[in-house]
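[1] can't give you the sequence, but here's the structure:
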C-alpha cells in the first residue's frame, strides 16, 4: 500500500535519510522506532507530503505520489508534534474548518460523534485555548481521522496524554485497525507499541536497521530489539 | 478547481471568523491609523489649503503601515500550532492558501480604510468628493490596496520562516511595492486635489492594474515554493 524506495533526504550538509526502502501493506500497524535524529519524523513527513525527498520515490498503491494528486492526499491522515488546531475556535469550529478543507459532505454528525469518542462532549463549544495538552491532543486525533483516512500517520501521538486518554486513544486506534486502516506510528512509547502495532521498523542513522514482526512479543523483547540485542540473543 | 476555490474560501472565512472572535489584528490596525490621523491633524493646520495636498499621501501611509501589521499577523498566527502544516497535509492546492489569505487580508485593509478615510477627511475638513470623482477614488484605493496585498501576502509567507519576520517583511516589501504606491499616491492626488487631470489618473490606474495582475499571478504560482522553504 505505502512504499518508499531509496528515500534520501539531505538538509544542508546533513544526510538525514540514507536510502530507506520500506513497504507497508494495507491494514498493517507499524511502529517506526529510533533514537533522536534517526530520521523517523523526516520519513513520516515525506510520506505525508510535508517534505520533499532529495531522492527516491513514495508510492501509494503502486502509484508515485504527486503533489497535485489530491485524491492521494485525501487518503492520508497526519498527526504531527503540533495539533494544527486554532486556539480561538471551539472543537466543533476547528473540526468544521478541517471538514471544509477536506470537502466533506454533511460532516456535522461525524464531527459530534468524534468529539464524543475522544471524550470532549462537555467542551464542544469552548475555545480550546483553555484546554490542557491532553485535551488538545485528543482533539488533534479527531482532526486527523475526521476524513476517514486509509492511512494514519502518527508522530508520537501518546505525548501528553494521561492514562485514561491513552486507553481511549488506543481503543480508537484498535477500532480503526479493525476497519482496515493502515497505522504508521513514530513513537518511543514501548507499551503502546505493544498494544497497537504488529511490526516494528527501527531506523538508525537514516537507515533501516531492523524490521520485525512484534505480534505476541513482550515489551522487553521490543526494547531489546530497539537496543539491537534481541536478534543476536 | 475543486481544490482551489472552496478551500480558499474556507481559509478566508476562517481568518475573518478568527478575527471576529479575537479582534486582535483589526484593533491594532485601527489604533495605528487613528494615531496617524490624530497626530497629523495636530501637526498641520487643517484650515490651511496647502495641507489638503498631504491627504492623498496620508491615505497610503495609513494603508501601508496598518496593512503591514495585518500581513505580519496573517502568517505568524499560522505558525503557532504549525497550522500551515495542517493546511499542507489537506488535499488543498497551495495556491488556495495564497488566495484565501489574500482575500482575508484585503478585507481587513479595506475595512480599516472604510473607517479611517472618512475620519481623515473629517479632521482635515476635506471637501467631500461625489459622482465620478468618488467612483475613481474607490477604484484607485481598491487597485492600490490589491497590489499591496498581493505582494504583501506572498512576502509575509516568505518572511514567516524567519525568526525576525516582523522586521524582515517591511524590508522585503517596501522596494517591491514602490511602483504601486507611487501610482496610487499620484492617482489619488489627481482625483482629490487636481480633478481636471483625470485622464492622467487613468494612466496611473492602468499601471496599478498591470502591476496587480502581474504580482497576483506571480504570487499565485510561486506560493507553493514559498511554503517549501
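    Nice, thanks for sending it over. Since we're looking at a predicted model, the values are computed, not measured.
[2] contacting residues for the residue in chain B that chain A sits nearest to?
    Chain B approaches chain A most closely through residue B:86 (2.9 Å), counting by CB to the nearest CB. Quick note: C-beta positions are derived from backbone N, CA and C, even for glycine. Taking CB atoms under 8 Å, 6 or more residues apart in numbering or on different chains, we find residue B:86 in contact with A:84, A:85, A:98, A:143.
[3] wait, a helix at it?
    Yes - judged by DSSP: H, G, I helix; E, B strand; the rest coil, residue B:86 forms part of a helix.
[4] on that earlier part again, sort out which of the contacts of residue B:86 are in strands and list them.
    Among these, none falls in strands (DSSP state E).
[5] counting neighbours, which of these comes out on top?
    residue A:85 (26 neighbours; other CB atoms under 10 Å in any protein chain shown).
[6] secondary structure element holding residue A:180?
    Using DSSP states H and E, residue A:180 maps to neither a helix nor a strand.
[7] who's in contact with it?
    Residue A:180 neighbours (CB under 8 Å, 6+ apart): A:26, A:27, A:150.
[8] mind checking what secondary structure residue B:26 has?
    helix.
[9] residue A:55 and chain B, how far apart?
    Distance of residue A:55 to chain B, given as CB to the nearest CB, to the nearest Å: 16 Å.
[10] for that residue, give the beta-bridge partners.
    residue A:8 (DSSP bridges).
[11] returning to what we had before: of the contacts of residue B:86, which belong to helices?
    A:98, A:143 (DSSP state H).
[12] now whatever residue of chain A ends up closest to chain B. Nearest residue, chain neighbours left out?
    Going by CB to the nearest CB, chain B is nearest to residue A:84 of chain A, at 2.9 Å. Of all residues not flanking residue A:84 in the chain, residue B:86 sits nearest, at 2.9 Å (CB to CB, 6 or more residues apart in numbering or on different chains).
[13] what does chain A have sitting close to chain B?
    A:48-50, A:52, A:67-68, A:70-71, A:73-74, A:76, A:78, A:80-89, A:93, A:97-98, A:100-103, A:127, A:143 (CB under 8 Å from any CB of the partner chain).
[14] mark which of those residues are buried, thanks.
    A:48-50, A:70, A:73-74, A:76, A:78, A:80, A:82-89, A:93, A:97-98, A:100-103, A:127, A:143 (16 or more other CB atoms under 10 Å in any protein chain shown).
[15] on that earlier part again, look at the residue nearest to residue A:84 and report its pLDDT.
    Here the pLDDT value assigned to residue B:86 is 92.
[16] tell me, how many residues neighbour residue B:1?
    6.
[17] check contacts around the nearest residue to residue A:185 once chain neighbours are set aside.
    In this structure, residue A:185 finds its nearest non-sequential neighbour in residue A:154, 4.4 Å apart by CB to CB, 6+ apart. Contacts for residue A:154 (CB under 8 Å, 6+ apart) come out as A:79, A:144, A:183, A:184, A:185, A:186, A:187.
[18] so what's residue A:154 bridging to?
    residue A:79, residue A:185.
[19] same check on residue A:22?
    Assigned bridge partners for residue A:22, using DSSP bridges, are residue A:4.
[20] confidence score at it?
    92.
[21] separation between it and residue A:81?
    21 Å (CB to CB, to the nearest Å).
[22] what score does residue B:132 have for pLDDT?
    Note on residue B:132: pLDDT of 83.
[23] thinking again about what came up before, can you list the contacts of residue A:180 in JSON lines and add neighbour count and secondary structure?
    Formatted as JSON lines, the contacts of residue A:180 follow (neighbours: other CB atoms under 10 Å in any protein chain shown; DSSP: H, G, I helix; E, B strand; the rest coil):
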{"residue": "A:26", "neighbour count": "12", "secondary structure": "coil"}
{"residue": "A:27", "neighbour count": "15", "secondary structure": "coil"}
{"residue": "A:150", "neighbour count": "19", "secondary structure": "coil"}
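[24] check the gap between the residue nearest to the spatial centre of chain A and residue B:200 for me.
    Among the residues of chain A, the one closest to the centroid is residue A:154, at 1.4 Å (CA atoms, centre = their mean). For residue A:154, the distance to residue B:200 equals 62 Å [CB to CB].
[25] residue A:158: what's it in contact with?
    Applying CB under 8 Å, 6+ apart, the residues near residue A:158 are A:166, A:169, A:187, A:189, A:192.
[26] now the third one. Nearest residue, chain neighbours left out?
    For residue A:187, ignoring the flanking residues on the chain, the nearest one in space by CB to CB, 6+ apart is residue A:156 at 5.4 Å.
[27] count of residues packed around the one you found?
    Residue A:156 has 18 nearby residues by other CB under 10 Å.
[28] isn't it up against residue A:186?
    Yes - between residue A:156 and residue A:186 there is a contact under CB atoms under 8 Å: 6.0 Å.
[29] need the residues touching each of these two.
    With CB under 8 Å, 6+ apart, residue A:156 and residue A:186 have no common neighbours.
[30] just to revisit the earlier point, between the contacts of residue A:158, which is closest to residue B:115?
    Using CB to CB, residue A:169 comes nearest to residue B:115 of the contacts of residue A:158, at 47.4 Å.
[31] verify the stated contact: the closest one with residue A:142.
    No - using CB under 8 Å, residue A:169 makes no contact with residue A:142, being 10.4 Å away.
[32] so what sits against both of the two?
    residue A:118.
[33] now for the longest helix seen in chain A, which elements pack on it?
    Using DSSP H, we find that the single longest helix of chain A is helix A:163-178. For helix A:163-178, the elements it packs on are helix A:133-145, strand A:182-186, helix A:190-196, judged by 3 or more CB pairs under 8 Å, 6 or more residues apart in numbering or on different chains; DSSP states H and E.
[34] measure how the second one sits relative to helix A:163-178, angle-wise.
    Pointing back at strand A:182-186 there. Interaxial angle, strand A:182-186 versus helix A:163-178 (axes from the mean of the first three to the mean of the last three CA atoms, to 10 degrees): 140 degrees.
[35] check contacts around residue A:59.
    A:2, A:3, A:4, A:5, A:65.
[36] what do you get if the cut-off is 7 Å, keeping everything else the same?
    Shown in contact with residue A:59 (CB atoms under 7 Å, 6 or more residues apart in numbering or on different chains): A:3, A:5.
[37] for it, what are phi and psi?
    Main-chain torsions, residue A:59, degrees, to the nearest 10: phi -110, psi 140.
[38] residue B:149 and residue B:102 touch, don't they?
    Yes - using CB atoms under 7 Å, residue B:149 makes contact with residue B:102 at a distance of 5.8 Å.
[39] more crowded one of these two?
    Higher neighbour count among residue B:149 and residue B:102: residue B:149, with 31 against 24, using other CB under 10 Å.
[40] who are the packing partners of the helix or strand containing the more buried one?
    With secondary structure defined by DSSP H and E, residue B:149 is part of helix B:132-159. Contacts defined by 3 or more CB pairs under 7 Å, 6 or more residues apart in numbering or on different chains; DSSP states H and E place helix B:132-159 against helix B:55-79, helix B:94-123, helix B:165-192, helix B:198-228.
[41] which neighbouring elements make contact with the last one?
    Using 3+ CB pairs under 7 Å, 6+ apart as the contact definition, the elements that helix B:198-228 packs against are helix B:94-123, helix B:132-159, helix B:165-192.
[42] that'll do, ta.
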